[in-house]
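Asks: here is my input, please return the structure:
(one chain, ligands or ions: 1)
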Amino acid sequence: MMSTPAVPPHTCLVIAAHPDDIESWCAGSIAVLVKQGWRAVYVLCTSGENGTSDPTEAPAIVSARREAEQREACRFVGAEEPVFLRLPDGGLEDDTLLRGLLVCEIRRHRPDLLITHDPIHPFPPYTTHRDHRIAGRVALDAAYPYARDPLHFPEHLRDDGLQPHAVPEVWLFSSNTPDHYVDISDGLAAKIAARLAHASQTTDPAALAHSWRRRAEVTGQEGGLPLAEAFKRLTLN
Ligand SMILES: [Zn+2]
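Replies: Numbering: from 1, shown residues only. Modelled structure (predicted):
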């Protein structure tokens with residue numbers, strides 16, 4: 001666990017593919033950081049408009065509902081108003097569009113810590129969502145070296161006054177090779193409440209709450225902590 005920052009607020013930027021990804025993997029750690037005085041800002045690459053089992057639902061209705069659920073989830077952990085890039089659900093690409101959008105958000109929010117999907121050794125292996133792999137890969141590329149180097153996307157400075165920013169540290173969630181465990185004893189209740197805010201993605205709230213607590217216990221045992229979330233930790237630059 002990182003020590004409490006001496007000069008708050010430090011900023012944590014979380015980049016994820018879909019609404020509910022953050023709640024599933026790292027919202028307990030976010031809640032703990034916020035309690036320590038950090039700012040937390042979420043960037044959602046898509047609004048999850050294909051996340052329904054009802055073939056008659058309009059994607060615009062689904063995405064509006066899922067954005068509302070994501071906003072409510074943010075309130076449970078104290079994260080700020082989320083940023084929605086509204087790229088196509090299931091259609092993320094490792095391209096200049098997504099890279100530029102993520103570089104822009106990094107330069108705008110200037111995070112001390114970036115949290116995103118592990119694109120290289122994801123958990124579970126072999127069957128991860130394609131959007132997760134791409135969001136994590138492009139977020140890492142955006143952090144290093146694109147956001148750091150001023151001649152990449154120079155329009156950010158020219159048009160919006162956004163200075164380059166070097167991200168010092170990254171935590172990758174849903175990693176098959178975790179090496180950093182965060183004690184979420186003080187954040188699990190907020191994590192579960194935030195996950196349950198995604199009501200459209202929840203069929204049995206009691207069972208879900210039980211399973212997420214159990215998962216935190218199992219991860220905690222791996223990390224020598226009572227309740228934990230696990231990450232692959234990188235230092236950059
Ligand atoms: Zn997802």
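Asks: what is the burial count for the residue of the chain found nearest the ion?
Replies: Closest residue of the chain to the ion, C-beta to the ion: His18 (3.5 Å). C-beta: built from backbone N, CA, C; applies to glycine. Neighbour count of His18, defined by other C-beta atoms under 10 Å: 26.
Asks: how about it: what's its closest non-neighbour residue?
Replies: Gly48 (4.4 Å; C-beta to C-beta, 6 or more residues apart in numbering).
Asks: you'd agree the one you found is up against Pro59?
Replies: No - Gly48 is not in contact with Pro59 according to C-beta atoms under 8 Å; the separation is 9.5 Å.
Asks: neighbour-wise, which of the two wins?
Replies: Using other C-beta under 10 Å, the more surrounded residue of Gly48 and Pro59 is Gly48, with 27 against 15.
Asks: and the more buried one, what does it touch?
Replies: His18, Pro19, Asp20, Val62, Ser63, Arg66, Asp89 (C-beta atoms under 8 Å, 6 or more residues apart in numbering).
Asks: can you identify the element that follows the host helix or strand of Ile22 toward the C-terminus?
Replies: Using DSSP states H and E, Ile22 falls within helix 21-25. Moving toward the C-terminus from helix 21-25, the next helix or strand (DSSP H and E) is helix 27-35.
Asks: show me what that next one is packed against.
Replies: Contacts defined by 3 or more C-beta pairs under 8 Å, 6 or more residues apart in numbering; DSSP states H and E place helix 27-35 against strand 11-16, strand 39-46, helix 59-77, strand 113-117, strand 180-183, helix 188-196, strand 228-235.
Asks: what's whichever helix or strand comes after the longest one packed up against?
Replies: Remark: after helix 59-77, the chain's next helix or strand is strand 83-87, criterion DSSP H and E. When contacts are defined as 3+ C-beta pairs under 8 Å, 6+ apart, strand 83-87 packs onto strand 39-46, helix 59-77, helix 96-109.
Asks: of those, which stretch is the most buried?
Replies: Mean neighbour count (mean count of other C-beta atoms under 10 Å) peaks for strand 39-46 among the helices and strands packed on strand 83-87, with a mean of 24.
Asks: who's in contact with that one?
Replies: So strand 39-46 is in contact with 9-19, 22, 30, 33-34, 67, 70, 74, 77-80, 82-92, 98, 102, 105, 109, 111, 131, 135, going by C-beta under 8 Å, 6+ apart.
Asks: mind running it again at 7 Å?
Replies: Strand 39-46 is contacted by residues 9, 11-19, 22, 30, 33-34, 70, 74, 77-80, 82-85, 87-89, 92, 98, 102, 105, 109, 131, 135 when judged by C-beta atoms under 7 Å, 6 or more residues apart in numbering.
Asks: before we move on, the earlier item: is the residue nearest to His18 in a helix, a strand, or coil?
Replies: Assigned by DSSP: H, G, I helix; E, B strand; the rest coil, the conformation of Gly48 is coil.
Asks: which phi and psi values does it adopt?
Replies: Phi and psi for Gly48, reported as degrees, to the nearest 10, are phi 60, psi 40.
Asks: and it, how far from Tyr144?
Replies: Between Gly48 and Tyr144 the computed distance is 27 Å (C-beta to C-beta, to the nearest Å).
Asks: tell me how many other residues surround the nearest residue to Ala216 once chain neighbours are set aside.
Replies: Leaving aside its sequence neighbours, Ala216 sits nearest to Leu227 (C-beta to C-beta, 6+ apart; 4.2 Å). By the criterion of other C-beta under 10 Å, Leu227 has 22 neighbours.
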